[in-house]
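Trainee: What would the 3D arrangement of this be:
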Amino acid sequence: MEYSAPTPSFPVVQGNTITGTAVNQVVNSIAYSFDHWNDGSTSSTKNFTPGNHTTYTAYFTGRPENSYRNLHDIGAVGEPIVLDWEEHPNPAITQYKIYRQVKVNGVTGSVQLIGTRSRGTTTFTDNRYTKSRTYDEYLLFYDVRAYYSTEGTYSNPDFIAIYGGPPLQKISDTTLVEHVIPKEYSLSNFPNPFNPSTVIEYQLPKAGFVEIKVFDAIGKKVATLVNEEKESGRYQAQFGSNDLPSGMYIYTIKVNDYFASKKMLLVK
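Mentor: Residues are numbered from 1 along each chain as shown. Presented below is the predicted three-dimensional model:
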């Protein structure tokens, strides 16, 4: 019988039953948890009766640890939430998934994936919600999960809570209009000119992190309509003028290697 550390050495006699335990451990900030033995059994402690040329193998699943993370918000009160975290020390961590869960007036919504960042980037801005000093209407929960490319696993959920305020620009949720795979990217809006609102339509031939923003004629950002992961398909997002003055506005889309900008006219 062959065995590996960290078990101390012990005598093995063919035909004599011994007991072994697969021990969970952390190596290079990856937590390895026992999954099963090579015979399919799932109890970490197992009795063995050694025989000639017999191999006993314990299989483990590795997940990134969260102890490195130090996830916190560095945004100013009244401004968008800005998450900041430490780079995971294991070089096989290649990206981070950002999740958000919102509690509004005591009702907690579902967990949503709102972004992906590659290794080397350790900040994320959520333009949907602003930071507040106290819990009034919104309580925001955020999680950043590291991706371990060697095994295709993510770190376990570990949310932090942040007092939140309403979005800087209130908009309707983006709607998936048609879940077919378009052949190319596109961006348009209707009606144009508009008052008081217009629908911005865009299509994605493949999934990606989508950013759609609206600027006034002098380049000042007035709204962020989309700032999250989207699957391929055709989408619509409504933009309301609220208290904006009449004039020309520019809306842009950035996703994967595609960027486009269009003009629209608000007439009151």
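Trainee: Dump stretch 136-150 to PDB, keeping only the CA atoms.
Mentor: What follows is stretch 136-150, C-alpha atoms only, in PDB (Å, rounded to 0.1, in the frame of the first residue of the first chain):
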ATOM      1  CA  ASP A 136     -33.400  53.900   4.900                       C
ATOM      2  CA  GLU A 137     -34.900  52.200   1.800                       C
ATOM      3  CA  TYR A 138     -32.100  50.100   0.200                       C
ATOM      4  CA  LEU A 139     -29.700  47.500   1.800                       C
ATOM      5  CA  LEU A 140     -27.300  46.300  -0.800                       C
ATOM      6  CA  PHE A 141     -25.400  43.000  -0.600                       C
ATOM      7  CA  TYR A 142     -22.300  42.400  -2.800                       C
ATOM      8  CA  ASP A 143     -20.100  39.400  -3.400                       C
ATOM      9  CA  VAL A 144     -16.900  39.000  -5.400                       C
ATOM     10  CA  ARG A 145     -16.200  35.300  -6.300                       C
ATOM     11  CA  ALA A 146     -12.700  34.300  -7.600                       C
ATOM     12  CA  TYR A 147     -12.600  31.800 -10.400                       C
ATOM     13  CA  TYR A 148     -10.000  28.900 -10.200                       C
ATOM     14  CA  SER A 149      -9.200  28.000 -13.800                       C
ATOM     15  CA  THR A 150      -7.500  24.700 -12.900                       C
END
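Trainee: if you go through the stretch 101-250 of the chain in chain order, where are the strands?
Mentor: Secondary structure of the stretch 101-250 of the chain (DSSP state E, counting those that start in this stretch): strands at 107-108, 112-118, 123-131, 138-148, 153-154, 160-165, 175-178, 186-190, 197-204, 208-215, 221-230, 233-240, 247-255.
Trainee: residue contacts, residue 123?
Mentor: Shown in contact with residue 123 (Cβ atoms under 8 Å, 6 or more residues apart in numbering): 74, 82, 83, 84, 85, 117. From N, CA and C alone the C-beta is placed, and that goes for glycine too.
Trainee: sorry, back to before: output the strands of the stretch 101-250 of the chain in TSV; the columns should cover distance to residue 268 and mean pLDDT.
Mentor: Listed next are these as TSV, based on distance: least, Cβ to Cβ, whole Å; pLDDT from 0 to 100:
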stretch	distance to residue 268	mean pLDDT
strand 107-108	35	86
strand 112-118	33	86
strand 123-131	25	85
strand 138-148	30	95
strand 153-154	48	96
strand 160-165	27	92
strand 175-178	26	60
strand 186-190	17	92
strand 197-204	12	91
strand 208-215	16	93
strand 221-230	15	89
strand 233-240	13	88
strand 247-255	9	96
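Trainee: Let's have those in JSON lines, adding distance to residue 38.
Mentor: Formatted as JSON lines, these follow (distance: least, Cβ to Cβ, whole Å):
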{"stretch": "strand 107-108", "distance to residue 38": "42"}
{"stretch": "strand 112-118", "distance to residue 38": "35"}
{"stretch": "strand 123-131", "distance to residue 38": "41"}
{"stretch": "strand 138-148", "distance to residue 38": "23"}
{"stretch": "strand 153-154", "distance to residue 38": "20"}
{"stretch": "strand 160-165", "distance to residue 38": "40"}
{"stretch": "strand 175-178", "distance to residue 38": "45"}
{"stretch": "strand 186-190", "distance to residue 38": "53"}
{"stretch": "strand 197-204", "distance to residue 38": "44"}
{"stretch": "strand 208-215", "distance to residue 38": "40"}
{"stretch": "strand 221-230", "distance to residue 38": "38"}
{"stretch": "strand 233-240", "distance to residue 38": "43"}
{"stretch": "strand 247-255", "distance to residue 38": "45"}
